[in-house]
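Peer 1: Sequence and predicted structure, then a few things I'm wondering about:
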Amino acid sequence: MQQTMAETDPSPSLLSSNLLEWYDRHARTLPWRVSPENRRLGEIPDPYRIWLSEVMLQQTTVAAVKSYFETFTSTWPTVNDLAAAGEEDVMKAWAGLGYYSRARNLKKCADLVASDYDGRFPDTEEELLKLPGVGPYTAAAIATIAFDRHAAVVDGNVERVLSRLRLIETPLPVAKPEIKAVMADLTPDARPGDFAQAVMDLGATICTPKKPACALCPWREECEGHRAGLAETLPRKVPKTKKPTRFGAAFVAVDAASGAVFLRRRPPEGLLGGMTEVPGSVWSEDFDMDSSLSHAPFNADWQKRVGEVKHTFTHFHLKLAVFRAEMSGKDQLGTDTGWWSAPDTLFEEALPTVMRKVLTAALD
């Protein structure tokens, strides 16, 4: 009886070994990664660096993360160093990377590892999941990459690669358990961390969202999506709902003599929690831009700047009217609700990207 294509497909172990051979030749060089060659020479990944990189990479690109990672690891080389740092210093170093709850949890996690785990990260998914800011993906990534535990690591690259490899047409996010099961089946007991990174690298460099380089792929012959001519259409995704747009106003007070800018800190919880901002209004879909001045934090000669600041968060777009006022003396407001930041250190403050846009619009 003639065998079907599926019956002649290679075993998971052969697929994983083929990909590891490819990874040994083509692994990306990343500042937090131990290369395959150095692993063979006995170098062991640093769990702190793996954890830090994985937290930074959530919802963010490798290109955006590299400089932040290098700043953090040069300033705080170990988790104990990070635990000893001031929260404000950590937030300043994180400013611009976005998703600021990650930075708050980063500090909480470092504090806990330093105090309760004697500065050593736990080496199992179960224990890692107990740490602040560590979810299932991050726990699996740390366990397998740092400690060579067998774990199914599934990020966006892995979802794309395995959806194509196994022709999984169930749309995301419904398909996540199915994809994770495939990853668990493919992950070998030997070198599971390298295998996880190999699948990620395959997705980042060859099995890309658009125009995948199938001719160069080590899994080309086994890829069901490629055989069906559907690779570029996978993974399927549930259509996104349209993001709403919120509106608001921001108020930049500048000391006329020194150029210092009045700043304040946002509440510790919620959107941009604990970050630095200029005073402003609430952000809402029904905000009346024509009444912006009624939301000014104090009386001053507020002048509206031309144009508006636009920024996009995960769940909504934002448009802000920007107002600037020259103050006759920077001490007249006191410091009960904020502080004055000198112009030469202004952009060293823990300013989220949207506030950097506001200041640029007000000060240019």
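Peer 2: Arrived safely, thanks for sending.

Peer 1: rest of the way, CA atoms for contacts and neighbours
Peer 2: Will do.

Peer 1: Let me see the ranges of the strands in the chain.
Peer 2: Taking DSSP state E as the test, the strands found in the chain are 245-255, 261-265, 276-277, 303-304, 309-312, 317-327, 339-341.

Peer 1: could those strands go into a markdown table alongside mean neighbour count, distance to residue 11 and mean pLDDT?
Peer 2: Below are these laid out as a markdown table (neighbours: other Cα atoms under 10 Å; distance: least, Cα to Cα, whole Å; pLDDT from 0 to 100):
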| stretch | mean neighbour count | distance to residue 11 | mean pLDDT |
| --- | --- | --- | --- |
| strand 245-255 | 24 | 50 | 95 |
| strand 261-265 | 21 | 56 | 92 |
| strand 276-277 | 24 | 54 | 94 |
| strand 303-304 | 16 | 66 | 94 |
| strand 309-312 | 16 | 45 | 96 |
| strand 317-327 | 21 | 47 | 94 |
| strand 339-341 | 19 | 62 | 91 |
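
Peer 1: Switch the ones you listed over to TSV; also include distance to residue 122.
Peer 2: Supplementary listing: the strands of the chain in TSV, determined by distance: least, Cα to Cα, whole Å:
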stretch	distance to residue 122
strand 245-255	42
strand 261-265	34
strand 276-277	33
strand 303-304	53
strand 309-312	36
strand 317-327	39
strand 339-341	41
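
Peer 1: Report the contact partners of residue 358.
Peer 2: With contact taken as Cα atoms under 8 Å, 6 or more residues apart in numbering, residue 358 is in contact with 250, 309, 322.

Peer 1: For the last one, which residues count as its bridge partners?
Peer 2: For residue 322, the beta-bridge assignment (DSSP bridges) gives partners residue 250.

Peer 1: where's it relative to residue 345, distance?
Peer 2: Shown here: residue 322 relative to residue 345, a distance of 21 Å by Cα to Cα, to the nearest Å.

Peer 1: same thing with the second one?
Peer 2: In this structure, residue 309 and residue 345 are 22 Å apart, going by Cα to Cα.

Peer 1: can you check residue 68 too?
Peer 2: With distances defined as Cα to Cα, the gap from residue 68 to residue 345 amounts to 19 Å.

Peer 1: Name the residues of stretch 224-244 that are buried.
Peer 2: Buried residues in stretch 224-244, defined by neighbour count with 16 or more other Cα atoms under 10 Å: 224-226, 231-232, 234-236.

Peer 1: between these, which is nearest residue 134?
Peer 2: residue 235 (25.6 Å; Cα to Cα).

Peer 1: Now do the contacts for that closest one.
Peer 2: For residue 235, the residues meeting the contact criterion (Cα under 8 Å, 6+ apart) are 159-160, 163-164, 168-169, 171-172.

Peer 1: How many residues are close by residue 198?
Peer 2: A total of 23 residues lie near residue 198 under the criterion other Cα atoms under 10 Å.

Peer 1: Contact partners for the closest residue to residue 268 other than its chain neighbours?
Peer 2: Leaving aside its sequence neighbours, residue 268 sits nearest to residue 274 (Cα to Cα, 6 or more residues apart in numbering; 4.3 Å). Applying Cα under 8 Å, 6+ apart, we find residue 274 in contact with 91, 265-268.

Peer 1: residue ranges for the helices of the stretch 51-200 of the chain, please.
Peer 2: Under the criterion DSSP state H, counting those that start in this stretch, helices of the stretch 51-200 of the chain are mapped to 62-75, 79-84, 87-94, 101-116, 125-128, 136-147, 156-165, 176-186, 192-205.

Peer 1: Just put the ones you listed in TSV and tack on distance to residue 356 and mean pLDDT.
Peer 2: As requested, the helices of the stretch 51-200 of the chain are exported to TSV (distance: least, Cα to Cα, whole Å; pLDDT from 0 to 100):
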stretch	distance to residue 356	mean pLDDT
helix 62-75	17	95
helix 79-84	25	97
helix 87-94	13	92
helix 101-116	18	94
helix 125-128	35	96
helix 136-147	30	96
helix 156-165	29	97
helix 176-186	36	97
helix 192-205	30	97
